[in-house]
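A.B. asks: structure, please.
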Amino acid sequence: MESSAESSDVDRDVELHVIAREPSEADGGAVTEERSPLLSQAEKPKINIFTLSYPRRKPGEEIIRSFEPEISAASQFLSWVWSGSKYSGLMCMAISSTIYFTMEVVTDVFSVQPIPLLEVAFTRCTMILVLSYMWLRKVEQPLSGLGNAKHLLISRAFMGYISLISFIYCIQRLSLSQAVVLSLTTPIIASGVARFILHETYKVAEIGGLACSFFGVLFIFRQLLTTQDQHGERNSKSITESGHIYAILAGSLSSLTGGISYCLIRAGANSCDQPLLTVFSFSLLASPAAGICLFAFETFVFPSFYSFSLMLVLGVLGFFAEVFLARGLQLEKTSKVTNVLYMEAALSQLWVIGSARIAPTFGRIFGCLLILISVFGTMYIGPDKED
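C.D. replies: This is a model prediction of the structure:
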């Protein structure tokens, strides 16, 4: 009993000794000092509705952060399109056609004062010249010492300007539908000329795609070729009249030189490995030449600020359309990418039908369907059939 009492006393002493033990200055002072601010109630800050602190955010920071994924996705998409991957050539041409369609929509929606076509062409070519020069300077692309590419670029500029000025003459003397149908023969002519200039070979799918798209164009404009357009076009006249013969010849010359120009764009871009040089060379010749023709044959109309701003916007859009067109021709075979250009005609008709400008007839719907089937078929099976 004594031993058990002693052991219990020892246990009790040990238990009291552990509980009552105070930390020494060597090992417990630091812990006390570290924990004292957390345990001190006197230093605890008082919080009320007037002292609550909110995270400061710069105006628009949250909005910008929310758009970062979309901007990143768009930049990645454009980088993939431009990089020269399997579908890059066809996608570049599709983007170019979409931009041209956007230009038509902008022109249709935002009405401006009547401005001569040569003045519009001069402004657009000048904008393309300035933007292409700035881009070339930014990428430090030399403009001299191009070797054989220089002759290709000069020929491309000359053919492109002849095509432009011939189309302006044609559209001033023919109805819009007739001029558009003539201009839409350019992809077919480009594919034919590429057989001789670039020694490209044809495939059944490529010929069938071009034929399907052009038949779609004929279905769309079948009624407009023989009747008066609802938007004030002049009545279509017989092609046997002397004035219209010259206009049709000018339109045919525009399509021929345009097709040759497409082949020279492809050859020049591959020769100098810079598609933007083909855009710069064209605008370098077309801008001053269009200005000379403007002051020589037409009356200059001083545009209002609204009209001039719209012309600048169209010039910027035209620049990007030309750049993507040149890149598409550089990367892909001519007979493939030129078929994608017909997408612009289908989109334009769908826009006019959707805006209730014209009635949706069977010919227009069927023509748009033919073009879209041909274009998407070319984009789907075209790259898989490369040589």
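A.B. asks: so where's the stretch 1-150 of the chain uncertain?
C.D. replies: Residue ranges of the stretch 1-150 of the chain with pLDDT under 70: 1-72, 84, 144-147.
A.B. asks: list the buried residues for the one helix or strand F219 maps to?
C.D. replies: Per DSSP states H and E, F219 falls inside helix 204-220. Going by neighbour count (16 or more other Cβ atoms under 10 Å), the buried part of helix 204-220 is 205-206, 209-210, 212-214, 216-217, 219-220. Yep, even glycine has a C-beta here, placed from its N, CA and C like the rest.
A.B. asks: need those in a markdown table (columns: distance to T334 and pLDDT).
C.D. replies: Output for the buried residues of helix 204-220, formatted as a markdown table (distance: Cβ to Cβ, whole Å; pLDDT from 0 to 100):
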| residue | distance to T334 | pLDDT |
| --- | --- | --- |
| A205 | 15 | 83 |
| E206 | 9 | 84 |
| G209 | 13 | 87 |
| L210 | 11 | 89 |
| C212 | 17 | 90 |
| S213 | 14 | 90 |
| F214 | 15 | 90 |
| G216 | 20 | 89 |
| V217 | 19 | 89 |
| F219 | 25 | 87 |
| I220 | 24 | 85 |
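A.B. asks: rewinding a little: show me what the helix holding F219 packs onto, helices and strands only.
C.D. replies: When contacts are defined as 3 or more Cβ pairs under 8 Å, 6 or more residues apart in numbering; DSSP states H and E, helix 204-220 sits against helix 186-197, helix 334-340, helix 343-354, helix 362-381.
A.B. asks: closest to S175 out of those?
C.D. replies: helix 343-354 (15.6 Å; Cβ to Cβ).
A.B. asks: how close does the residue positioned nearest the centre of the chain sit to A326?
C.D. replies: For the chain, I95 is the residue whose C-alpha lies nearest the centre (Cα atoms, centre = their mean; 4.6 Å). With the distance defined as Cβ to Cβ, to the nearest Å, I95 ends up 12 Å from A326.
A.B. asks: ok, F320 next?
C.D. replies: In this view, F320 and A326 are 11 Å apart by Cβ to Cβ.
A.B. asks: these two: who's more crowded?
C.D. replies: Neighbours were counted for F320 and for A326 using other Cβ atoms under 10 Å; A326 has more, 26 against 16.
A.B. asks: quick one: the more buried one and I265 touch, right?
C.D. replies: Yes: between A326 and I265 there is a contact at 5.4 Å, judged by Cβ atoms under 8 Å.
A.B. asks: hey, what's in contact with both of the two?
C.D. replies: Contact with both A326 and I265 is made by residues 275, 278, according to Cβ atoms under 8 Å, 6 or more residues apart in numbering.
A.B. asks: name the element G315 belongs to?
C.D. replies: Per DSSP H and E: G315 is located in helix 305-331.
A.B. asks: buried sites along that helix?
C.D. replies: 307, 310-311, 314-315, 317-331.
A.B. asks: re the thing from before, so the residue nearest to the centre of the chain touches F77, yeah?
C.D. replies: No: in this structure, I95 is not within contact of F77 by Cβ under 8 Å, at 9.9 Å.
A.B. asks: contacts made by stretch 363-372 with the rest, please.
C.D. replies: Here stretch 363-372 has contacts from 212-213, 215-223, 342-343, 345-346, 349-350, 353, 358, using Cβ under 8 Å, 6+ apart.
A.B. asks: how about I220, nearest residue that isn't a chain neighbour?
C.D. replies: Spatial nearest neighbour of I220, chain neighbours left out: G367 (3.7 Å); criterion: Cβ to Cβ, 6 or more residues apart in numbering.
A.B. asks: and what of V81?
C.D. replies: Of all residues not flanking V81 in the chain, M91 sits nearest, at 4.7 Å (Cβ to Cβ, 6+ apart).
A.B. asks: quick one: contacts for the one you found?
C.D. replies: For M91, the contact set (Cβ under 8 Å, 6+ apart) comprises 81, 328, 379.
A.B. asks: host element of it?
C.D. replies: Assessed by DSSP H and E, M91 sits inside helix 88-109.
A.B. asks: could you point out which element follows that helix?
C.D. replies: Heading C-terminal from helix 88-109 (DSSP H and E), you reach helix 117-138.
A.B. asks: contacts for that next one, please.
C.D. replies: Identification of contacts with helix 117-138 by Cβ under 8 Å, 6+ apart yields 143, 164, 168, 171-172, 274, 276-277, 279-280, 282-284, 286-287, 290-291, 293-294, 297-298, 300-301, 303, 311-312, 314-316, 318-319, 322-323.
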